[in-house]
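**Q** Dropping a prediction and its sequence here:
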Amino acid sequence: MAIGANNNQFSDFFNTLTSLKADFIQTTYDDKDALINTRSGSFIFNRPKQLRWHTTTPNEEILLLNNNELWLVDIELEQASLQKSQDLSQTPLYWLINKPNTIKNIPIFSHQQDGIDWYKANSQSSQYQQLLFGFKDKVLHAISFKNPLDQTIKIIFEKALINPAIKPKDFDLKLGSEFDVIR
């Protein structure tokens with residue numbers, strides 16, 4: 001594929017994306033590329049601002065964005081906390097929420113490795129460095145970034161469904177009476 005064609009892959013995908021459903025495997029490596037941990041689960045996403053990131057292994061946690069509320073739910077601790085920081089432009093989530101045709105400095109084609117076309121974001125953030133989006137067969141396959149601790153976080157998406165119908169109630173915060181709620 002020519003580089004010119006690659007440059008449109010990121011925009012083509014995200015400009016037509018309205019919802020996404022997938023399983024994920026998230027690995028974290030230290031600054032010497034030694035594996036620190038592996039997490040897995042599933043997520044659903046619906047534009048403009050709805051996301052449910054459900055980690056099932058090793059501990060069950062849910063990151064829930066429903067419009068302007070961002071919750072972190074720890075199932076084992078029976079605790080839900082409303083996150084104070086609402087500046088999502090400082091997170092990789094920013095790129096899911098916004099369509100490339102509405103933002104400046106969209107990621108550009110960087111390189112191809114192991115059959116994955118990688119796009120690098122130019123934005124500077126205090127939350128991440130070297131944010132990359134990987135595409136395989138024109139579908140988002142991976143996200144990779146370095147956090148402020150110089151750890152590399154790689155997220156691989158599997159069984160992705162593009163633009164499935166997702167019910168709004170799937171993004172409701174559902175907690176039992178035993179949960180502590182921190183606002």
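**A** Looks like it arrived, so ask away. In this text, all values refer to a predicted model and were calculated from it rather than measured experimentally. Residues are numbered from 1 along each chain as shown.
**Q** what ranges do the helices span in the chain?
**A** Secondary structure of the chain, counting by DSSP state H: helices at 3-16, 93-97.
**Q** Give the rounded mean pLDDT of the longest one.
**A** When pLDDT is averaged along helix 3-16, the result is 74.
**Q** Same check on the shortest one?
**A** Averaged across helix 93-97, pLDDT comes to 75.
**Q** F45 contacts L51, doesn't it?
**A** Yes. The pair F45 / L51 is scored as a contact, 4.8 Å apart, by CB atoms under 8 Å. Any C-beta I mention is one placed from the backbone N, CA and C, and that applies to glycine too.
**Q** Touching stretch 98-109 from outside, list them.
**A** Here stretch 98-109 makes contact (CB atoms under 8 Å, 6 or more residues apart in numbering) with 3, 6-7, 9-11, 14-15, 17, 47, 95, 117-123, 131-133.
**Q** and that stretch, which residues are buried?
**A** Neighbour counts over stretch 98-109 (16 or more other CB atoms under 10 Å) mark 98-100, 106-107, 109 as buried.
**Q** Now, the residues you listed that are in strands?
**A** F109 (DSSP state E).
**Q** what's the closest of the buried residues of stretch 98-109 to T27?
**A** Distance to T27, by CB to CB, is smallest for P107 among the buried residues of stretch 98-109, at 21.1 Å.
**Q** What does the pLDDT read for that closest one?
**A** Reported pLDDT for P107: 86.
**Q** Phi and psi next, for it.
**A** The phi and psi values for P107, taken as degrees, to the nearest 10, are phi -60, psi 150.
**Q** Next, the contact list for the nearest residue to it once chain neighbours are set aside, please.
**A** Closest residue to P107 apart from its sequence neighbours, by CB to CB, 6 or more residues apart in numbering: Y119 at 3.9 Å. Contacts for Y119 (CB under 8 Å, 6+ apart) come out as 9-10, 107-110, 132-135.
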